[in-house]
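**Q** the amino acid sequence is not available; the structure is as follows:
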């Protein structure tokens, strides 16, 4: 499966039609959810070859070119939305733009909102875009995720595949993971 990790100067801009971008801070427990989802997908769905799955880490503006090149962009992140921990929420299209305008955003959401605006000004917005979030239980220093967020990683991955299937007409919904998810942090 094509995959890329930062630094983005090595990121190919070819085949960026369908992008799943996981973002977060792996040093802040549940804030790493987006990164964990893309790592889970890379490990457990190696047969999916027409998706570009990217570990965006602590989102940098260098990824603006990825955002501008994508036809279908799905960003996965932990977001404090005052819901029960582990709650999964999808914000699609203009809903994504609106949620990124809210106060009390984390640094990744702020950078993502800026990059969306840059793409809008350049008239290079993805045809389809969405933000798939999970409510964190804890975002304190540490490399262990809470049980409720860790257990939701496979569901987030499946939700990502389902949405990409809807956007592209490619049936990724029946994908089955090839290995169970460990509840500890993936090796870096």
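**A** Perfect, thanks for sending it. Here the structure is a predicted model, which means the values were calculated and not measured.
**Q** every contact and neighbour count from this point should use C-alpha atoms.
**A** Will do.
**Q** can you name every helix or strand that the host helix or strand of residue 37 contacts?
**A** Following DSSP states H and E, one finds residue 37 within helix 33-44. Counting by 3 or more C-alpha pairs under 8 Å, 6 or more residues apart in numbering; DSSP states H and E, the packing neighbours recorded for helix 33-44 are strand 18-23, strand 52-57, strand 72-78, helix 147-168.
**Q** and of those, who's closest to residue 46?
**A** Of all these, strand 52-57 sits nearest to residue 46, with 10.7 Å by C-alpha to C-alpha.
**Q** what's the next helix-or-strand element following that closest one packed up against?
**A** Downstream of strand 52-57, the next assigned helix or strand under DSSP H and E is helix 64-69. Applying 3+ C-alpha pairs under 8 Å, 6+ apart, one finds that helix 64-69 contacts helix 107-121.
**Q** which residues sit against the helix it packs on?
**A** The contact list for helix 107-121 (C-alpha atoms under 8 Å, 6 or more residues apart in numbering) reads 23-24, 58-61, 64, 67-68, 97, 100-101, 125.
**Q** need the pLDDT of the most centrally placed residue in the chain.
**A** Compute the mean C-alpha point of the chain, and by C-alpha atoms, centre = their mean the closest residue is residue 76, 2.3 Å away. Residue 76 is assigned a pLDDT of 96 by the prediction.
**Q** right, and residue 35 touches residue 55 too?
**A** Yes. Contact criterion C-alpha atoms under 8 Å: residue 35 and residue 55 qualify, at 5.7 Å.
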